[in-house]
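> Mind folding the following:
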Amino acid sequence: QVQLVESGGGLVQAGGSMRLSCAASTRTGRTFAMGWFRQAPGKEREFVAATSWNGGASWYADSVKGRFTISRDAKNTVYLEMNSLNTEDTGVYYCAAGAPVPITAPNWDYWGQGTQVTVSS
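A predicted model of the protein is given here:
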């Protein structure tokens, strides 16, 4: 069993920055690929970014490339640094862990409860 706890959401003005964190706790200490998805009101959950189990590789949605950076530390905590935010980045951001194929599909094994990010114009 894996528990994911997100933090760092809130309200930010367009053009601003925000950092999300997600701490994963496991009984076995196993590491996973970890990622972020988001869901805006009335829209489907969409892939944002992901990192491999050791942080050696990362993937991004085209809409966030060059603005968002995903990273992780050795303790199974993943971060999402978000810069140049715009109103289209508004939504609930979910942390995910697992070994999904493909990584962009919302079929990861474990999910956090989500954290709201609101970008005001």
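> which SSE is the spatially most central residue of the chain in?
When CA atoms, centre = their mean is applied to the chain, the residue found nearest the centroid is W36 (2.2 Å). Assessed by DSSP states H and E, W36 sits inside strand 33-39.
> avg pLDDT for that strand?
For strand 33-39, mean pLDDT rounds to 97.
> Going forward, count from 211.
Got it, first residue is 211 now, which makes that one strand 243-249.
> before we move on, the earlier item: surely the residue nearest to the centre of the chain and A307 touch.
No - counting by CB atoms under 8 Å, W246 stays clear of A307, with 10.8 Å between them. No exception for glycine: its C-beta is placed from N, CA and C like everyone else's.
> Show me what the strand holding W246 packs onto, helices and strands only.
For strand 243-249, the contact count by 3 or more CB pairs under 8 Å, 6 or more residues apart in numbering; DSSP states H and E identifies strand 228-236, strand 256-261, strand 278-282, strand 287-292, strand 301-308 as packing neighbours.
> Now render those as TSV, adding distance to W321 and mean neighbour count.
Listed next are those as TSV, based on distance: least, CB to CB, whole Å; neighbours: other CB atoms under 10 Å:
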stretch	distance to W321	mean neighbour count
strand 228-236	10	18
strand 256-261	13	22
strand 278-282	16	19
strand 287-292	13	21
strand 301-308	5	23
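> Let's have the ones you listed in a markdown table, adding mean pLDDT.
What follows is these, written out as a markdown table (pLDDT from 0 to 100):
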| stretch | mean pLDDT |
| --- | --- |
| strand 228-236 | 95 |
| strand 256-261 | 97 |
| strand 278-282 | 97 |
| strand 287-292 | 97 |
| strand 301-308 | 96 |
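> Mind listing residues that contact stretch 223-231?
With CB atoms under 8 Å, 6 or more residues apart in numbering as the test, stretch 223-231 has contacts from 216-220, 222, 246, 287-297, 303, 305, 325, 327, 329-331.
> Now do the end-to-end distance for it.
19 Å (CA to CA, to the nearest Å).
> SS state for E298?
Here E298 is recorded as helix under DSSP: H, G, I helix; E, B strand; the rest coil.
> can I assume it is in contact with V274?
No - judged on CB under 8 Å, E298 makes no contact with V274 at a distance of 10.1 Å.
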